[in-house]
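Q: Only the shape, not the letters, is given here:
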């Protein structure tokens, strides 16, 4: 029987006691999640020059330098803390290369980064996948296109929370920590976004 890997909280406790192996495992275990987040938000105009893995590596290097302070203070759950370090670097890259308007990078304010079309398509695919079976391929393709068009009309704040939940796979707790709001507020924002999406889908169906 394969021995189960320690979870993040176990590794944090071990790292807090000076376990160097736990520190390294803690920093490396979320690399794929961070890369998915960066890839979701990276402007297509930068994709030829910037590899999401490089952004993640910079964020993890910063995390290694700041890990002792994190372990002492625990300001956020661990993954949202890592994610914020990667987010800060991603926003700075957009500013530097695309001269994006200046905004705070400590939280994900609406409009801080434009959501690439590819991420909207992926979000539509994730949303539709949960509501259709594999045998309904044609229905699924048509519905994905309708959802994609409706997402393009959705407010940035609503679209972002759906992306975080369905594409990045963040839990309610992780989403709350990333956005700097309560878990109750995340649940309300999530439901409001789904309601707005359903309303837009209904309006587009009536127009068709």
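A: Structure received. Quick caveat: nothing in here was measured; it's all calculated off a predicted structure.
Q: Could you list the low-pLDDT ranges of this protein?
A: Counting by pLDDT under 70, the chain contains low-confidence ranges at 1-5, 99-112, 130-138, 204-208.
Q: mind redoing it with 80?
A: Within the chain, the stretches with pLDDT under 80 are 1-6, 99-114, 129-141, 203-208.
Q: Let me know how buried residue 20 is, in neighbour terms.
A: Counted with other CB atoms under 10 Å, the neighbours of residue 20 add up to 9. Heads up, the C-betas are built off the backbone N, CA and C, glycines and all.
Q: brain fart, residue 162
A: By the criterion of other CB under 10 Å, residue 162 has 22 neighbours.
Q: Check which residues of the longest helix along the chain are buried.
A: Counting by DSSP state H, the longest helix found in the chain is helix 183-207. Judged by neighbour count using 16 or more other CB atoms under 10 Å, the buried positions of helix 183-207 are 186, 189-190, 193, 196-197, 200-201.
Q: Ok, stretch 54-63 next?
A: Result for stretch 54-63 [16+ other CB under 10 Å]: buried residues 55-60, 63.
Q: so of those residues, which ones are in helices?
A: Going by DSSP H, the helices hold 55-60, 63 from the buried residues of stretch 54-63.
Q: Spell out, range by range, the helices that occur in this structure.
A: 8-16, 20-28, 31-41, 52-73, 78-98, 117-129, 137-153, 156-166, 172-179, 183-207.
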